[in-house]
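Enquirer: Provided below are the primary sequence and the corresponding predicted coordinates.
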Amino acid sequence: MINQTTLMLRTGEQYIEGIRERRHAKIYVMGKRVTDVTTNLFLKPSVLSFKATFDAAFQEDTRDLARTFSPFINEEVNRFVHIHQGPHDLAAKVKLLRRLSHKTGTCIQRCVGWDALNTLYIITGKMAERGDGVYRERFLKYLEYVQRRDLALAGAMTDAKGVRTLRPSEQPNPDAYVRVVEERDDGIVVSGAKANITGIAAVDEVIVLPTRAMTEQDAAYAVSFAVPLDTPGVVVVVGRQINDARRMEGGDIDGVPYMAHHEGLIIFNNVFVPWDRVFLYKDRRWTGPLVEIFASFHRQGYGGCKTGLGDVIIGAAYELAKTIGVDNKPNVVDKLAEMVFLNESMYSAGLAASWEGSKLLKEGGWWVNPMYANVTKHLVARFPYEISKLAHDIAGGIVGTAPSEFDLKNEEIRGLLEKYLQGVPEIPAEERLRLVRLLENVSVSVGFLIESVHGAGSPAAQKIMFNRLYDYEMSGEIAKALSRIKVTVKWPKAPEPRRPSESEKL
Ligand code: SF4
């Protein structure tokens, strides 16, 4: 049974204490079992990024954004466990992610579980509106449990997938998608794996969602549930990232002196899940809307977090231009302006997706505008590469060739390096090297590049949504009216030629 003991609004230190020791958690990094993720050199930067989401509720500049009132427990909660109560909450999410990216310089990681909570709130609410309230009741109890404990959650959606052309039930490996292998009186047993799961080793619990719309044959794969990370049978294998070994070098410039994130594979090896943690069970009708709702929530969030990283990169490029005295040169000013345009475009789309959000449930269930959320993510799949390229252009080849911090710390060559790395006399060589490393570590990171393309769905997934949501018939009518092919057109009330999404039609 879920225990509803009250804590609420944990500090960063309390979060760290909470994940320090987990009896059954099997977490592997580079072939070795990790028993304490908070001190492991590979995972510690990721833990610190999660910690920033808790600290934000207590820091002057973020407190108002990071705290909000939850009508579910009648208390203030951390926004990362909040159910959006209107467009203002959706916009606050984007703003909070932008600000936290400034403090972390990486992916914040905690947003995936937050989006999973909001998705299940809407889906179980829809089920209840259709007369099946059991999942709603369970979910609301789970939500209370999460909010009262201020838990760090991961959201696990992408399955291992096996042969991409085959449906889950057709796979030669039946566990290529997470599935129910046994139904018991007290719960279910699940098997399978979820891949590319953001922040998975540093969370208290993981919420599992189906990754695609399922058919009747795939009913055993239509399952959603939540388990603590140290549930017996759960195995986490953390993936590698560029420059990750630098974390183990003991330096404070070359590696990741600020924070980092990680992704990993989570394996469910015959894991038992009690019924009160199961939110979707073999009912494939909800899988399509669930995927659509979750994906749009996460695509909207990118308008905040990637813009925040864009600010870090623009700032680093600007400061590096100063180190060599070119910050006022017209070609640099022009490139900086282009970077600002690209960055603010992503943010504008994220805010539009928020302010144009709508209610999917009678009692609330606020969702983003799916068209603008998909536009946001599609911009994010392109613009960070442009921003990085412009920053590298401004900074110069040193981004790829700078000597190690250990060279700079070697007394035999320190003087020579200081002499030849320095640009304008007022800015010491070490400051230039620090900015170069910051730019390198953020602008060619998984968090700013690979994740921007593939996180929350690859670019093709957004194009599918554009074609589903855009009303070509309506724009065709507009063209025909203006070209006098047709004299009477039935104009819809909304100015945008848009069709309702699957979820909006429910
Ligand atoms: Fe959050 Fe952005 Fe990372 Fe997704 S990619 S978890 S929205 S910071």
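Expert: Perfect, I can see it now.

Enquirer: Contact distance from the ligand - what residues of this structure qualify?
Expert: Proximity of the chain to the ligand (Cβ under 6 Å from any ligand atom) is limited to residues 97, 107-109, 111-112, 198, 298, 301-302, 305, 451, 455. No exception for glycine: its C-beta is placed from N, CA and C like everyone else's.

Enquirer: can you rerun that using 8 Å?
Expert: Neighbours of the ligand within the chain, by Cβ under 8 Å from any ligand atom: 97, 100-101, 106-112, 115, 198-199, 261, 298, 301-302, 304-306, 447, 451-452, 455-456.

Enquirer: residues in contact with Q147?
Expert: By Cβ atoms under 8 Å, 6 or more residues apart in numbering, Q147 lies in contact with 8, 70, 72-73, 75, 77, 81-82.

Enquirer: at 10 Å instead, please
Expert: Going by Cβ atoms under 10 Å, 6 or more residues apart in numbering, Q147 touches 4, 6-9, 70, 72-73, 75-78, 81-83, 117.

Enquirer: Let me know the next secondary structure element after the helix or strand hosting it.
Expert: Assigned by DSSP states H and E, Q147 belongs to helix 134-149. Next helix or strand after helix 134-149 toward the C-terminus (DSSP H and E): strand 153-156.

Enquirer: Okay, now the sheet partners of that following strand, with direction.
Expert: strand 205-208 (parallel) (DSSP bridges).

Enquirer: Could you export the partner strand as PDB, CA atoms only?
Expert: C-alpha atoms of strand 205-208 as PDB (Å, rounded to 0.1, in the frame of the first residue of the first chain):
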ATOM      1  CA  GLU A 205      10.900   6.300  -8.700                       C
ATOM      2  CA  VAL A 206      10.200   5.700 -12.400                       C
ATOM      3  CA  ILE A 207       6.800   6.000 -14.200                       C
ATOM      4  CA  VAL A 208       6.500   3.700 -17.200                       C
END
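
Enquirer: buried set for the next helix or strand after that strand?
Expert: The C-terminal neighbour of strand 205-208 among helices and strands, as given by DSSP H and E, is strand 223-228. The neighbour-count check on strand 223-228 (16 or more other Cβ atoms under 10 Å) flags 223-227 as buried.

Enquirer: Just want the angle from strand 223-228 to helix 134-149.
Expert: Put simply, strand 223-228 runs at 20 degrees to helix 134-149, going by axes from the mean of the first three to the mean of the last three Cα atoms, to 10 degrees.

Enquirer: Now render the buried residues of strand 223-228 as JSON lines, adding pLDDT.
Expert: Shown next, in JSON lines, are the buried residues of strand 223-228 (pLDDT from 0 to 100):
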{"residue": "V223", "pLDDT": "98"}
{"residue": "S224", "pLDDT": "98"}
{"residue": "F225", "pLDDT": "98"}
{"residue": "A226", "pLDDT": "98"}
{"residue": "V227", "pLDDT": "98"}
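
Enquirer: in this protein, which spans are strands?
Expert: Counting by DSSP state E, the chain has these strands, from start to end: 26-29, 32-34, 67-70, 75-78, 153-156, 179-183, 187-198, 205-208, 223-228, 234-238, 263-274, 278-281, 358-361, 364-367.

Enquirer: Buried deepest among the ones you listed, which one?
Expert: A comparison of the strands of the chain by mean neighbour count, using mean count of other Cβ atoms under 10 Å, puts strand 153-156 on top with a mean of 28.

Enquirer: which non-adjacent residue is nearest R212?
Expert: Nearest non-adjacent residue to R212, counting by Cβ to Cβ, 6 or more residues apart in numbering: V291, 6.1 Å away.

Enquirer: tally of neighbours for the one you found?
Expert: Neighbour count of V291, defined by other Cβ atoms under 10 Å: 22.

Enquirer: Measure how the helix ranked longest in the chain sits relative to strand 187-198, angle-wise.
Expert: Longest helix in the chain, counting residues (DSSP state H): helix 287-323. Here the directions of helix 287-323 and strand 187-198 differ by 30 degrees (the same axes, to 10 degrees).

Enquirer: on that earlier part again, check the residues of the chain next to the ligand for burial and list the buried ones.
Expert: 97, 100-101, 106-112, 115, 198-199, 261, 298, 301-302, 304-306, 447, 451-452, 455-456.

Enquirer: Got the confidence number for N243?
Expert: At N243, the model reports a pLDDT of 88.

Enquirer: pretty sure it is in contact with G251, am I right?
Expert: No. If you go by Cβ atoms under 10 Å, N243 and G251 don't touch, sitting 11.7 Å apart.

Enquirer: List the buried residues of the helix holding Q147.
Expert: For helix 134-149, by 16+ other Cβ under 10 Å, it's 135-136, 138-140, 142-149.

Enquirer: do the same with stretch 157-174
Expert: Within stretch 157-174, the residues scored as buried using 16+ other Cβ under 10 Å are 157-162, 168-169, 171, 174.

Enquirer: Return the member of these nearest to the ligand.
Expert: Distance to the ligand, by Cβ to the nearest ligand atom, is smallest for M157 among the buried residues of stretch 157-174, at 11.7 Å.

Enquirer: Identify the residue nearest R382 in space, chain neighbours excluded?
Expert: Using Cβ to Cβ, 6+ apart and skipping the chain neighbours, the partner closest in space to R382 is P459 (8.0 Å).

Enquirer: Pull up the gap between I73 and Q14, please.
Expert: For I73, the distance to Q14 (Cβ to Cβ, to the nearest Å) stands at 18 Å.

Enquirer: These two: who's more crowded?
Expert: Of the pair I73 and Q14, I73 is the one with more neighbours under other Cβ under 10 Å, namely 18 against 14.

Enquirer: Surely that one touches L9?
Expert: No. With contact defined as Cβ under 10 Å, I73 does not reach L9; the gap is 11.2 Å.

Enquirer: who touches both of those two?
Expert: 81, 147-148.

Enquirer: what about the residue nearest to L65 when sequence neighbours are not counted, neighbour count?
Expert: Excluding the flanking residues, the one nearest L65 by Cβ to Cβ, 6+ apart is L96, at 4.5 Å. Using other Cβ under 10 Å, L96 has 25 neighbouring residues.
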